[in-house]
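Participant: Generate coordinates for the sequence data below:
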Amino acid sequence: MTAWPALLMFLATAAPPVEVATLKGEQHVGNLERLTADEVVLKTPTGSVSLPSAELLAIRVPGPDAPPASTAPTFEIRLVDATILRATSFTSSTTQATLTHSQMGELKLPLNLIRSIRFAPPDPKVETVWLEMTSKTGSRKDQIAVRKNDVLDRLDGVIGSVDESTIKFQLDGDDIPVKRDRVFGLIYARRELMSGRTAATIDLTTGDQLFAKTVLWDGNAWKVKLVSGADLTVPAASVRVVDYSQGKIAYLSNMEPRDVRHTPFFDFVWDYRRDRSFDGQSLSLGNRTYSKGLSVHSLTVLKYRIGGDYRRFQTLFGIDDSLRAGNADVTIKGDGKVLFKGAARAGQSPQPLDLDVTGVVELEITVGFGEDELDIGDRVLFVDAKVVK
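Facilitator: Numbers count the residues shown, from 1 in each chain. Purely as a prediction, here's the structure:
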């Protein structure tokens with residue numbers, strides 16, 4: 001029996017598996033047996049696999065990206081650690097908030113962990129203004145946001161308790177009950193974004209995003225302690241991805257090169273592209289599409305200052321799938337020393353690179369004209385190009 005039928009039989013008789021990606025570029029599939037601060041243990045058809053937590057890049061849970069749509073209204077609640085929760089109900093006293101989550105049930109949180117609540121559904125006409133209002137910090141007063149046509153206005157005062165129909169609000173020393181169905185959202189005063197080490201960001205199928213200090217698996221559910229200190233129990237099927245990449249990797253397409261030099265074959269300059277092909281399409285290499293990467297035409301030199309902070313440079317490179325011609329040289333240097341020298345040819349399989357850049361301050365990528373000394377079809381894609389700590 002080949003490996004794939006054995007894997008399919010294993011998955012058919014077990015709980016849904018997880019896909020684990022590591023900083024070394026490895027991919028593992030299996031059932032999540034244990035996740036601690038030190039290790040993740042997977043059960044696979046060939047036995048258990050243990051991986052150090054420090055080497056994790058992401059844990060993905062295959063399945064639908066979203067649960068069945070609900071007709072219940074959804075409120076967006078942002079916490080001081082940037083966590084976003086989507087609740088179907090929200091009430092509060094002056095010290096504690098109570099909300100109902102479609103997957104996690106009833107949650108009780110200290111009110112001082114909440115930065116804002118949006119009661120109204122998202123609307124592009126006022127979204128930018130709302131984000132500007134909620135991003136400001138240091139205000140000495142709470143704010144009630146009220147929508148008038150396509151304009152958001154605000155009242156400054158003190159927000160008291162909130163029930164299903166009324167918000168108690170103190171304006172200029174007067175207590176005013178405000179009908180909740182007339183309020184777009186609430187913004188609490190002095191809710192600075194909390195600084196703290198984020199071990200992982202967790203995306204839920206419901207659209208929530210959690211900023212976690214610790215993430216554990218107890219065999220039945222995810223145990224999450226947020227950076228803000230709140231503890232959540234998240235059902236197994238609610239998690240879409242646990243992303244450990246924050247602070248561990250940096251994509252070159254998110255970085256500004258220190259120097260860019262284009263030498264055209266004729267007079268036309270092909271400026272390099274980020275996260276798109278030269279035709280403005282998604283990056284396609286080896287019959288797969290990628291969301292991150294660089295499109296580089298001959299002759300181009302890109303220099304990135306990585307400051308000696310990373311251990312590996314990883315990418316997959318080759319000629320854009322859309323081309324039948326292309327013959328380019330590829331050279332990678334670290335602080336002037338050649339780390340790799342090769343070529344990209346149309347029709348060849350993409351080539352993986354995993355280079356040691358320990359201590360390297362300046363990373364240089366050169367795409368040359370190739371052995372034909374022409375620039376025809378010399379569109380080299382560096383997909384998932386990143387440096388890893």
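Participant: could you list every residue that touches Val296?
Facilitator: Val296 is in contact with Tyr272, Leu302, Ile365, Val367, Arg379, Val380, Leu381, Phe382, counting by C-beta atoms under 8 Å, 6 or more residues apart in numbering. Any C-beta I mention is one placed from the backbone N, CA and C, and that applies to glycine too.
Participant: same check, this time on Val241
Facilitator: With C-beta under 8 Å, 6+ apart, Val241 has these contacts: Ala58, Ile59, Arg60, Val61, Ile202, Asp203.
Participant: quick one: what helix or strand has it in it?
Facilitator: strand 239-243 (DSSP states H and E).
Participant: Report the rounded mean pLDDT for the next helix or strand after that strand.
Facilitator: Taking DSSP H and E as the definition, the helix or strand that follows strand 239-243 towards the C-terminus is strand 249-251. Confidence over strand 249-251 (mean pLDDT, whole number) is 91.
Participant: and if you look at stretch 344-357?
Facilitator: Rounded mean pLDDT across stretch 344-357 is 94.
Participant: now for it, what's the gap between its first and last residues?
Facilitator: Across its full length, stretch 344-357 reaches 22 Å between end residues, using C-alpha to C-alpha, to the nearest Å.
Participant: how far out from the middle of the chain is that stretch?
Facilitator: Taking C-alpha atoms, centre = their mean, to the nearest Å, one finds the center of stretch 344-357 at 26 Å from the center of the full chain.
Participant: and for that stretch, what are the contacting residues?
Facilitator: 24-25, 285-286, 306, 310-319, 323-330, 332, 334, 339-340, 342, 363, 367, 370, 377, 380, 383, 387.
Participant: for stretch 149-158, same thing?
Facilitator: So stretch 149-158 is contacted by 125-126, 129-130, 133, 139, 141-147, 169-172, 184, 187 (C-beta under 8 Å, 6+ apart).
Participant: hmm, back to that, ok, of the contacts of stretch 344-357, which come out buried?
Facilitator: Among these, the ones that count as buried by 16 or more other C-beta atoms under 10 Å are 25, 285, 306, 310, 312-319, 326-330, 332, 334, 339-340, 363, 367, 370, 377, 380, 383, 387.
Participant: re the thing from before, so which of the contacts of stretch 149-158 are in strands?
Facilitator: With DSSP state E as the criterion, strands contain Asp142, Gln143, Ile144, Ala145, Val146, Arg147, Phe169, Gln170, Leu171, Ile187 from among those.
Participant: Lowest-confidence one in these?
Facilitator: By predicted confidence, these are weakest at Leu171, whose pLDDT stands at 90.
Participant: how near is that one to Leu186?
Facilitator: In this structure, Leu171 and Leu186 are 14 Å apart, going by C-beta to C-beta, to the nearest Å.
Participant: which one of those two has more residues nearby?
Facilitator: Neighbours were counted for Leu171 and for Leu186 using other C-beta atoms under 10 Å; Leu186 has more, 26 against 14.
Participant: what's the pLDDT at the more buried one?
Facilitator: Predicted confidence (pLDDT) for Leu186: 96.
Participant: thought it was touching Val146?
Facilitator: No: the pair Leu186 and Val146 fails to qualify as a contact (C-beta atoms under 8 Å) at a distance of 10.8 Å.
Participant: ranges for the helices of this protein?
Facilitator: Counting by DSSP state H, the segments of the chain that form helices are 3-12, 124-135.
Participant: tell me, which of these is the model least confident about?
Facilitator: Comparing mean pLDDT over the helices of the chain, the weakest stretch is helix 3-12, at a mean of 44.
Participant: what's near enough to touch the residue at minimal distance from the centre of the chain?
Facilitator: Per C-alpha atoms, centre = their mean, the C-alpha nearest to the average position across the chain is that of Asp243, at 6.8 Å. For Asp243, the set of contacting residues under the criterion of C-beta under 8 Å, 6+ apart consists of Leu57, Ala58, Ala200, Thr201, Ile202, Asp203.
Participant: Need the per-residue pLDDT for it.
Facilitator: Per-residue pLDDT puts Asp243 at 93.
Participant: Could you give the bridge partners of it?
Facilitator: As for beta bridges, Asp243 partners with Ala58, Thr201 under DSSP bridges.
Participant: where does the stretch 101-250 of the chain dip in pLDDT?
Facilitator: In the predicted model of the stretch 101-250 of the chain, residues 138, 191-196 satisfy pLDDT under 70.
Participant: Contacts only, for the residue nearest to Thr166 when sequence neighbours are not counted.
Facilitator: Leaving aside its sequence neighbours, Thr166 sits nearest to Pro177 (C-beta to C-beta, 6 or more residues apart in numbering; 5.0 Å). Residues near Pro177 by C-beta under 8 Å, 6+ apart: Thr166, Ile167, Lys168, Phe169.
Participant: Using TSV, lay out these together with distance to Val20.
Facilitator: Below are those laid out as TSV (distance: C-beta to C-beta, whole Å):
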residue	distance to Val20
Thr166	48
Ile167	45
Lys168	48
Phe169	48
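Participant: out of the residues you listed, who's nearest Pro235?
Facilitator: Comparing those against Pro235 with C-beta to C-beta places Ile167 closest, at 31.0 Å.
Participant: Burial check on the closest one, number of neighbours?
Facilitator: Taking other C-beta under 10 Å as the criterion, the count of residues near Ile167 is 20.
Participant: Likewise for Thr91?
Facilitator: Using other C-beta under 10 Å, the number of residues around Thr91 comes to 14.
Participant: Check Tyr290 too.
Facilitator: Other residues lying near Tyr290 total 17 when counted by other C-beta under 10 Å.
Participant: Just the pLDDT at it, thanks.
Facilitator: Tyr290 carries a pLDDT score of 91 in this model.
Participant: my guess is it contacts Asp384, does it?
Facilitator: Yes: taking contact to mean C-beta under 8 Å, the distance of 6.0 Å between Tyr290 and Asp384 places them in contact.
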